[in-house]
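>>> My questions are about this predicted structure, shown below with the sequence.
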Amino acid sequence: MSLGALREEVWNTLARYDLALHPTPPHGHHPNFKGARRAAERLMSTPEFQGAKVVLAGMDAVLKPLREAALRAGKALILPHPDRPGEFLKVEGLDPRRLFRVREVSRYGQPVDLAALAVDLVLVGAVAVDEEGGWVGKGYGFPQAWLEVQAPFATLAHPVMVYPRLPERERTVQLIATPQRLIRTGGPKGGLR
């Protein structure tokens with residue numbers, strides 16, 4: 001199965017069984033799904049999330065509870081610039097409600113050199129993952145294929161997005177939180193294949 005066919009399979013399943021939340025349809029996105037908030041709470045209870053001081057996160061809707069929790073906990077939040085691919089902004093000490101829209105990041109964030117930061121945790125959306133830490137994204141946007149950060153990568157997934165083994169992977173993640181469980185994988189840090 002090609003990566004394109006895998007993405008379509010996941011998106012179609014989420015749509016067919018009414019498992020996707022805004023934005024819908026899930027096609028073309030790292031899907032937000034029913035149970036995502038429970039999955040986020042499961043991830044928030046991990047030592048990796050609780051101990052992180054600097055969190056790099058995507059702007060996908062599914063990750064919103066994690067971004068808000070990071071800001072409420074006083075963590076520095078690094079986000080991709082919404083208009084300049086490859087550039088990042090640091091948001092700190094901000095009421096999470098101010099980041100309601102993706103465009104607000106450029107209003108409140110300060111430009112940072114990602115290479116100069118010690119990132120503790122990377123939060124990414126996903127289209128599909130596997131039990132070994134394989135990850136497939138939507139095919140564009142954050143996280144960029146060149147992104148290499150020496151920190152654990154974590155994602156949220158509905159059970160229909162979790163495969164025993166993906167036919168191909170774009171990168172690896174070390175933590176996968178579903179509404180029912182937390183999967184710790186043995187994959188290398190930094191999101192490398």
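Yes, it's here. Please read all numbers here as calculations on a predicted model, not as lab measurements. Residues are numbered from 1 along each chain as shown.
>>> only C-alpha atoms for contact and neighbour calcs from this point on.
Noted.
>>> and the longest helix for this protein?
helix 3-16 (DSSP state H).
>>> and the nearest residue to residue 52 once chain neighbours are set aside, how many residues sit next to it?
Spatial nearest neighbour of residue 52, chain neighbours left out: residue 120 (5.1 Å); criterion: Cα to Cα, 6 or more residues apart in numbering. Residues near residue 120, counting by other Cα atoms under 10 Å, number 18.
>>> pretty sure residue 120 contacts residue 50?
No: the pair residue 120 and residue 50 does not pass the contact test of Cα atoms under 8 Å, sitting 10.3 Å apart.
>>> what about this protein, any weak spots by pLDDT?
The chain contains residues with pLDDT under 70 at 98-102, 187-193.
>>> Which residue ranges of it form helices?
For the chain, the helices defined by DSSP H cover 3-16, 36-44, 47-51, 64-72, 104-108.
>>> closest one to residue 130 among those helices?
With Cα to Cα as the measure, helix 3-16 is the member of those nearest residue 130 (12.1 Å).
>>> Show me what counts as buried in the longest helix of the chain.
Within helix 3-16, the residues that count as buried by 16 or more other Cα atoms under 10 Å are 3, 6, 7, 8, 9, 10, 11, 12, 13, 14, 15.
>>> Report the contact partners of the nearest residue to the first one once chain neighbours are set aside.
This points to residue 3. Distances taken as Cα to Cα, 6+ apart place residue 168 nearest to residue 3, at 7.0 Å, with adjacent residues excluded. By Cα atoms under 8 Å, 6 or more residues apart in numbering, residue 168 lies in contact with 2, 3, 134.
>>> For residue 57, state which of the residues you listed is nearest.
Using Cα to Cα, residue 134 comes nearest to residue 57 of the contacts of residue 168, at 18.4 Å.
>>> Let me know whether the closest one touches residue 169 as I believe.
Yes: counting by Cα under 8 Å, residue 134 does reach residue 169; the two are 5.3 Å apart.
>>> Pick out whichever of the two has more residues nearby.
Counted by other Cα under 10 Å, residue 134 and residue 169 do not tie: residue 134 has more neighbours, with 26 against 18.
>>> Find the nearest non-adjacent residue to the more buried one, please.
Of all residues not flanking residue 134 in the chain, residue 172 sits nearest, at 4.8 Å (Cα to Cα, 6+ apart).
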